[in-house]
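S.K.: build the 3D model from these lines:
(one chain, ligands or ions: 3)
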Amino acid sequence: MNNLPDNLLVMKFGGTSVGSAERMKAACDLIAAEAARRPVVAVVSAMSKITDLLLDATRQAEAGDRAGLNYSLSQLEHRHLTAADALVLTKQAASAKGSPSVAHQRIGEIVADFRRIVDGIQMLGHRPPRAVDEAIAAGERLSALLVAEHLKSRGIAAEAVNAAEAIVTDADFNNASPLMEATEKKARERILPILEAGVIPIVTGFNGATADGRPTTLGRGGSDFSASILAAVLGAAELWIWTDVDGIMTADPRLVPDARVLEEITYSEAAELAYAGAKVLHPRTLAPLRERRIPVWSKNSFAPEKPGTRIVPALAAGNPGARAVTSMAKVAMISLEPAGAEVGGVRIMARTLDSLSRANVEVLALSSSSYRQSFCLLVRDEELDEATQAIESALTLELAHGYVNGIEVDREVGLLAVVGEGMRGFSGVAGRIFTAISRENVNIIAIAQGWSELTIAIVVRRDGLEKAVRAVHAECHL
Ligand code: ADP
Ligand code: ASP
Ligand code: MG
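M.R.: Numbers count the residues shown, from 1 in each chain. Ligands and ions are numbered 1, 2, ... in the order given. Now for the predicted structure:
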């Protein structure tokens, strides 16, 4: 039976951190340096923009755009072959007869796998989520291959591992969830023997497979989640997430130039931030780690000497006030109003929420007010159609008989969220946030604050969202 290694470090590299041959070399430097001291499992994303390219290709196939599809495929191949050459994977393993190197041959095979699936999509004229999942894992398979081959070319033992052979998920294609017990067994069987042989496993992020072997993906940005799943089931001592910023910051630096790096942040704060749109972490990353109290670091692969952010169960000293502000632009608000106080607004709300949960639509925020119990809720843009259809069919009778005054949809809204455990019981934070937003002449449409006081969520007009984020950031001295 394989024993869990002591002191295992799981390192995850995001798309920009393996975005070119040069970045892959830097990632390999970081892997090699740590692997000299302790067992390491690396998890890699696809090279930056490759998942978008693959998804575009599946859409081109669906639309029967053969020329577009061929161009996408040639780009896919070209980008990885160029990287392979720059990673000096050409000469190595090439025989005297000039047969292609292992890397070139494997790139050809993975691209051919992808081509086979998109050809099928073109024939069908539509993109079953299942086929898309099988297709787009190609991005991570290619980057894992290049990283592993480059380490080998440096004389460091490494093996590319397809996470479909390690992570077991449900069959919710495009947004699958791990089945942790089954994953624990499968991941240990696949990965521990590699570690025991002194080889570094380079595992694909983003993908998995159902128990009966159908390929799945964990949702966009899901490689963070892959790494945390593996860290949990392999009993890792730490997880390091390498990205392109100095850590988790008080706001998205693309929106707020003077955002500051946080030295430490709690699991709860980081999870809330991720959930409310901070792209630096996939929203589900922390769930598998929390219970096991596995510490996580968010670090910059472009500046590895910087400390990064440590995500911990709790902060030592009290940090009063807000910690960070984040936002989501691609959201829509759905409002419902019972026709009169006698209609039973709570029942309507219950039916609405039940229908959304059955349709797998995530409710990002919910706010209710007035004696009539009108309420509004926020969903992602991309889930809006499903949401309105689900509500309409759940409330068919109420709508037909006029018990509910129609379903209103507002697409021109954005969500701003202020997060901080230190806001709990600390009076005045909300007031300052609202004042800062109104000073910018941005109208507040809805507010939601949970009992835990961990997050204050505010819905504003979308065209005022960025201004509001900067104003709140300045006002809270973040
Ligand atoms: P990776 O490819 O490494 O997974 P992502 O692009 O998914 O990287 O996430 C990193 C990006 O997240 C940063 O470039 C930054 O623009 C964005 N971001 C959003 N909110 C924050 C925040 N609060 N702190 C740090 N980065 C943030
Ligand atoms: N490559 C996938 C994506 O772009 C997963 C990830 O990068 O985390 O969504
Ligand atoms: Mg990411």
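
S.K.: contact residues of this structure facing ligand 3?
M.R.: 14, 221 (CB under 5 Å from the ion). Quick note: C-beta positions are derived from backbone N, CA and C, even for glycine.

S.K.: show me what residue of the chain gets nearest to ligand 3.
M.R.: Closest contact between the chain and ligand 3, by CB to the ion, is at G221 (4.1 Å).

S.K.: what about T82, distance to ligand 1?
M.R.: Note on T82: its distance to ligand 1, by CB to the nearest ligand atom, to the nearest Å, is 20 Å.

S.K.: look at that residue and give its secondary structure.
M.R.: Secondary structure assignment for T82 (DSSP: H, G, I helix; E, B strand; the rest coil): helix.

S.K.: that older thread, please, which helix or strand holds the residue of the chain closest to ligand 3?
M.R.: Using DSSP states H and E, G221 falls within no helix or strand.

S.K.: closest approach to ligand 2 from the stretch 351-478 of the chain, which residue is it?
M.R.: E382 (14.0 Å; CB to the nearest ligand atom).

S.K.: related to what we said a few turns ago, give me the element the nearest residue to the residue of the chain closest to ligand 3 once chain neighbours are set aside is part of.
M.R.: Computed as CB to CB, 6 or more residues apart in numbering, the closest residue to G221 that is not its neighbour in sequence is H282, at 4.5 Å. In this assignment (DSSP H and E), H282 forms part of neither any helix nor any strand.

S.K.: H282 reaches I229, doesn't it?
M.R.: No - taking contacts as CB atoms under 8 Å, H282 lies outside contact range of I229: 10.8 Å.

S.K.: show me the shaky parts of the stretch 251-400 of the chain.
M.R.: 317-319, 341, 370-372 (pLDDT under 70).

S.K.: could you redo the last one with a cut-off of 80?
M.R.: Scanning the stretch 251-400 of the chain for pLDDT under 80 picks out the ranges 316-320, 340-344, 369-372.

S.K.: now do the strands in it.
M.R.: For the stretch 251-400 of the chain, strands defined by DSSP state E, counting those that start in this stretch occupy the ranges 264-266, 296-300, 309-312, 324-338, 365-369, 374-380.

S.K.: what lies in contact with whichever strand or helix holds A61?
M.R.: Using DSSP H and E, A61 sits in helix 50-63. Helix 50-63 has contacts (CB atoms under 8 Å, 6 or more residues apart in numbering) with 15, 45-46, 68-69, 72-73, 75-76, 79, 114, 118-119, 121-122, 125-127, 131-132, 135-136, 138-139, 142-143, 206, 220.

S.K.: quick check: end-to-end length of stretch 416-435?
M.R.: Start-to-end span of stretch 416-435 (CA to CA, to the nearest Å) is 14 Å.

S.K.: ligand 1 contacts on the stretch 151-300 of the chain?
M.R.: Neighbours of ligand 1 within the stretch 151-300 of the chain, by CB under 6 Å from any ligand atom: 221, 243-245, 248-249, 251-254, 273, 278-280.

S.K.: so H282 and I229 - more neighbours on which side?
M.R.: When neighbours are counted by other CB atoms under 10 Å, H282 and I229 differ, and I229 comes out ahead with 31 against 23.

S.K.: what's the closest non-adjacent residue to the more buried one?
M.R.: Using CB to CB, 6+ apart and skipping residues adjacent in sequence, the residue nearest I229 is P178, 4.9 Å away.

S.K.: correct me, but the one you found touches T285?
M.R.: No - here P178 lies out of contact with T285, judged by CB under 8 Å, at a distance of 11.8 Å.

S.K.: what touches both of these two?
M.R.: Joint contacts of P178 and T285 (CB under 8 Å, 6+ apart) are F225.

S.K.: between these two, who's got more neighbours?
M.R.: Set P178 next to T285 and count neighbours by other CB under 10 Å: T285 wins out with 29 against 26.

S.K.: pretty sure that one sits against S228.
M.R.: Yes - here T285 reaches S228: they are 4.7 Å apart, a contact under CB under 8 Å.

S.K.: anything in contact with each of the two?
M.R.: Residues within reach of T285 and of S228 at once, by CB under 8 Å, 6+ apart, are V296.

S.K.: circling back to that earlier point, quick one, phi psi at the residue nearest to G221?
M.R.: Reported as degrees, to the nearest 10, the phi and psi values for H282 are phi -70, psi 140.

S.K.: before we move on, what about L255?
M.R.: Backbone torsions for L255, taken as degrees, to the nearest 10, come to phi -100, psi -40.

S.K.: and it, how far is that from L416?
M.R.: L255 is 11 Å from L416, where distance means CB to CB, to the nearest Å.
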